[in-house]
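>>> Here's a sequence, model it:
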Amino acid sequence: MSNCALPSVDFDVVIAGGGPAGLCTALELRRWGHRVCVVERGSFEEPRIGEHLSARGVSLVASMGLGSHWDPSEHLPSPGMISVWGGAEPVDLPAFFRPEGAGVHIARPAFEQGLALALMERGGEVRTRSRLEAIRREGDVFAIEVHSLGKSEELFARFLVDATGRPAAIARRLGRKVVHRDRLIGLCASSPGAHRVLEPMVEATPAGWWYSSSIPDGRAIAIYFTDADLREGETLSETWARALMETSLSRSRLGEEARAWRPRGIDAGTQSLGGPPALGCVAVGDAALALDPLSSSGLTRAIEGGKMAALALHRAGGGDLGALARYESELGSALREHQAGKARYYGLETRFLDEPFWQRRHALRAPIARILSPKDELCWGLEDAAVLPLASLTPDIPVSILRDLAEKPCSARCLAETLRSLYQYDDTEIVQLLHALVHSRSLRVLGGGWGA
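Coordinates of the predicted model:
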């Protein structure tokens with residue numbers, strides 16, 4: 001990357017966030033000789049719950065040549081998965097029968113420390129206990145004020161990467177919006193001490209699903225996933241205890257004492273960024289695209305995404321004007337592929353179709369009995385309670401807004417264009433929403449058509 005702009009550039013790329021996505025982006029950029037600086041609020045020593053790394057992710061990490069900074073023995077092998085999904089009987093899915101093979105349960109602090117040390121050994125800069133205070137453009141470069149240990153310093157860089165996770169703090173500061181595809185949250189807790197070894201397991205329940213497993217430090221972890229609006233005013237502990245009693249296998253695996261574990265809430269919904277990116281700024285990892293945890297691919301995608309972003313930045317720095325736009329397009333394709341896969345997998349569970357959580361997921365696969373025409377006249381229906389697709393497809397659109405827009409008859413084209421102009425969903429998502437609303441009779445097609 002050339003440094004032809006004034007003022008002089010300290011770094012080719014500054015990366016906000018030192019998680020796996022940010023560090024892998026930096027490592028890949030260093031492989032091409034670019035000057036990088038990672039700005040991390042923490043110190044890589046804070047306790048963090050581990051994550052599953054798929055066999056593909058293990059191969060990706062091994063290919064990075066981390067040497068002594070990657071020791072698989074520090075992490076817990078994940079030889080298979082138990083699934084209570086689509087039926088009451090548990091199904092054992094050994095890694096032998098899975099095409100990608102076995103993964104590992106990562107010890108996050110050790111993993112991130114290893115990535116950071118490898119980056120510094122390769123000439124990259126890592127600033128811990130630091131944060132970005134102010135960002136502005138000066139010609140072709142970013143002027144970035146970094147606050148660290150009571151001192152402020154201004155750095156200049158050609159490119160800026162948002163690796164701040166789900167908050168997408170940098171992208172939002174520069175004008176983008178987070179677009180949500182559902183309201184999924186996780187209630188996460190771990191055993192206070194050592195626990196008997198648990199093979200990873202997922203179990204579907206009436207209002208959500210459970211994941212439980214051993215983690216590398218010998219404890220057990222359990223996460224209950226449900227929609228935020230289905231907790232009915234309960235405290236986290238009340239929801240946790242009630243939901244655990246609804247399980248058929250998780251409760252016996254974890255033990256009765258698990259009802260007293262102290263859960264914390266985490267955002268777990270599918271989300272992406274809407275609106276045009278700021279010039280010279282890209283997002284990676286969960287800041288760019290956060291997936292449903294049922295995919296068990298978040299950490300692997302963070303590594304893959306870091307490599308993708310680094311390649312786009314490398315090409316952009318070499319004069320490829322379309323590189324960053326192609327990267328954004330690849331993120332959009334990944335989201336569509338994920339949504340299709342999510343609909344298929346949630347669709348396998350048919351025992352709880354009277355429950356809102358599962359009705360919302362099955363709305364992703366709602367049959368289309370009649371293809372809407374752009375000229376079809378639509379009007380708000382009579383069954384407000386049936387507005388389930390909003391929660392599963394486009395939760396950022398309030399029911400009140402949609403009702404106001406469709407209170408008087410309007411064409412499908414007009415309604416779609418209005419929603420697209422107000423919110424950051426793409427054309428395919430808006431059309432899918434209209435079809436689902438007609439199918440649920442929340443919208444009526446006038447003139448005797450389907451849903452009338």
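
>>> State the distance from Phe44 to Gln113.
Phe44 sits at a distance of 5 Å from Gln113 (criterion: Cβ to Cβ, to the nearest Å). In this view, the C-beta of every residue, glycine as well, is placed from N, C-alpha and C.

>>> neighbour count winner among these two?
Phe44 (21 against 16; other Cβ atoms under 10 Å).

>>> Now Thr239. Nearest residue, chain neighbours left out?
Counting by Cβ to Cβ, 6 or more residues apart in numbering, the nearest residue to Thr239 once its immediate chain neighbours are dropped is Arg231, at 5.0 Å.

>>> again with Ala343
Beyond its immediate neighbours in the sequence, the residue positioned closest to Ala343 (Cβ to Cβ, 6+ apart) is Leu364, lying 3.7 Å away.

>>> thinking again about what came up before, can you tell me how far the residue nearest to Thr239 sits from Cys379?
Taking Cβ to Cβ as the criterion, Arg231 is separated from Cys379 by 33 Å.

>>> Leu132 belongs to a helix, doesn't it?
No. Leu132 sits outside any helix when classified using DSSP: H, G, I helix; E, B strand; the rest coil, being strand.

>>> Does it touch Leu174 like I think?
No. Under the criterion of Cβ atoms under 8 Å, Leu132 is not in contact with Leu174, lying 11.1 Å apart.

>>> and Leu76, how many neighbours?
Taking other Cβ under 10 Å as the criterion, the count of residues near Leu76 is 21.

>>> er, Ala260 I mean
The burial metric for Ala260, expressed as a neighbour count using other Cβ under 10 Å, is 11.

>>> Pull the contacting residues for it.
Contacts for Ala260 (Cβ atoms under 8 Å, 6 or more residues apart in numbering) come out as Ala241.

>>> Repeat that for Asp71.
Taking Cβ under 8 Å, 6+ apart as the contact definition, Asp71 lies against Ala110, Gly114.

>>> Give me the distance between it and Ile106.
From Asp71 across to Ile106, the span is 12 Å (Cβ to Cβ).

>>> Same question for Asp376.
Relative to Ile106, and taking Cβ to Cβ, Asp376 is found at 50 Å.

>>> Average pLDDT for the helix or strand harbouring Phe142, rounded please.
Secondary structure assigned from DSSP states H and E places Phe142 in strand 141-148. pLDDT averaged over strand 141-148 equals 95, rounded to a whole number.

>>> what's the answer for stretch 77-97, then?
For stretch 77-97, mean pLDDT is 80.

>>> residues in contact with that stretch?
The set of residues that contact stretch 77-97 without belonging to it, under Cβ under 8 Å, 6+ apart, is 52, 55, 98, 101-105, 199-204, 209, 213, 248-249, 348-351.

>>> Could you list which of the residues you listed belong to strands?
Taking DSSP state E, the ones among the contacts of stretch 77-97 that sit in strands are His52, Gly103, Val104, His105, Met201, Val202, Glu203, Ala204, Trp209, Ser213.

>>> and the following helix or strand past the strand holding Phe142, what does it pack onto?
Tracing the chain past strand 141-148, the next element assigned as helix or strand by DSSP H and E is strand 151-162. With contacts defined as 3 or more Cβ pairs under 8 Å, 6 or more residues apart in numbering; DSSP states H and E, the packing partners of strand 151-162 are strand 11-16, strand 130-138, strand 141-148, helix 169-173, strand 281-283, helix 298-317.

>>> Reformat these as a markdown table; add distance to Leu393 and mean neighbour count.
Converted to a markdown table, the helices and strands packed on strand 151-162 look like this (distance: least, Cβ to Cβ, whole Å; neighbours: other Cβ atoms under 10 Å):
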| stretch | distance to Leu393 | mean neighbour count |
| --- | --- | --- |
| strand 11-16 | 31 | 27 |
| strand 130-138 | 33 | 15 |
| strand 141-148 | 36 | 18 |
| helix 169-173 | 22 | 20 |
| strand 281-283 | 23 | 27 |
| helix 298-317 | 22 | 24 |
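
>>> do you know how far the closest residue to Thr418 other than its chain neighbours is from Arg420?
Taking Cβ to Cβ, 6+ apart, and ignoring the residues beside it in sequence, Thr418 has Leu405 as its nearest neighbour in space, at 5.9 Å. Relative to Arg420, Leu405 is positioned 12 Å away (Cβ to Cβ).
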